[in-house]
Structures are given as C-alpha cells and as structure tokens.
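**Student:** Output the structure for:
(one chain, ligands or ions: 2)
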Amino acid sequence: MKKHMVVIAAALLLGAVSTQTIGANANEEAFAALDADGNGLLTPEEAAANVDLADSFEDGDDNEDGFLDITEFGKMEVSDE
Ligand SMILES: [Ca+2]
Ligand SMILES: [Ca+2]
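**Tutor:** Ligands and ions are numbered 1, 2, ... in the order given. Reported below is the predicted structural model:
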C-alpha cells in the first residue's frame with residue numbers, strides 16, 4: 001500500500017517536471033521563431049509578427065533597452081493565437 005503511494009508520488013513529480021520543461025522549450029521556440037536574425041533579442045520590428053507581443057512590447061521591456069531578451073519575453077503572457 002505504502003509502496004504504491006510512493007510510485008504515484010514519483011509519477012506526479014515526474015509529470016510536473018516534464019511539463020515545466022516542455023513549457024520552457026515552447027517559450028524558447030516561440031522566441032526563436034520571432035527572432036528573425038537570431039541575435040537573441042527581439043526588436044519592435046521582429047515583435048510586430050505577433051500582435052499581442054507588439055502591443056505589450058514596451059511593458060515587457062523591463063530594462064528599457066528597446067529590445068526584448070528571452071528573460072523579458074518569458075515573463076510576458078502572450079498568446080500565440
Ligand atoms: Ca533579433
Ligand atoms: Ca530589454
């Protein structure tokens with residue numbers, strides 16, 4: 001009985017970890033898809049490909065350097081619909 005609980009807990013933990021990993025990868029893939037020149041920064045022109053992102057570009061640019069990096073991008077909640 002106890003052994004079963006451990007197995008279930010381990011499975012849940014593994015599921016949680018892999019979901020997080022998939023989320024991070026999806027984010028990186030979305031960023032890479034928008035980063036047309038692949039320099040690791042999104043310009044307003046590159047962000048214009050996604051209407052939601054373009055709208056919230058300035059809000060997302062935490063360090064106000066005029067670009068979005070992957071960290072800033074990751075904090076934003078942009079739908080890709
Ligand atoms: Ca770029
Ligand atoms: Ca920035």
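**Student:** so where is the protein shaky, pLDDT-wise?
**Tutor:** The model of the chain has pLDDT under 70 over residues 1, 6-21, 78-81.
**Student:** Against Ala36, how distant is the residue lying closest to Asp62 once chain neighbours are set aside?
**Tutor:** Using CB to CB, 6 or more residues apart in numbering and skipping residues adjacent in sequence, the residue nearest Asp62 is Glu72, 5.3 Å away. Any C-beta I mention is one placed from the backbone N, CA and C, and that applies to glycine too. From Glu72 over to Ala36 the distance is 17 Å, taken as CB to CB, to the nearest Å.
**Student:** Those two - which one has more neighbours?
**Tutor:** Set Glu72 next to Ala36 and count neighbours by other CB atoms under 10 Å: Glu72 wins out with 19 against 12.
**Student:** Am I right that that one sits in a strand?
**Tutor:** No - Glu72 is assigned helix when assessed by DSSP: H, G, I helix; E, B strand; the rest coil, not a strand.
**Student:** And the residue nearest the centre of the chain, how far from Phe73?
**Tutor:** The residue lying closest to the centre of the chain (CA atoms, centre = their mean) is Asn27, at 2.8 Å. Asn27 is 7 Å from Phe73, where distance means CB to CB.
**Student:** and what of Asp62?
**Tutor:** Taking CB to CB as the measure, Asp62 falls 10 Å from Phe73.
**Student:** Check Asp59 too.
**Tutor:** Distance of Asp59 to Phe73, given as CB to CB: 12 Å.
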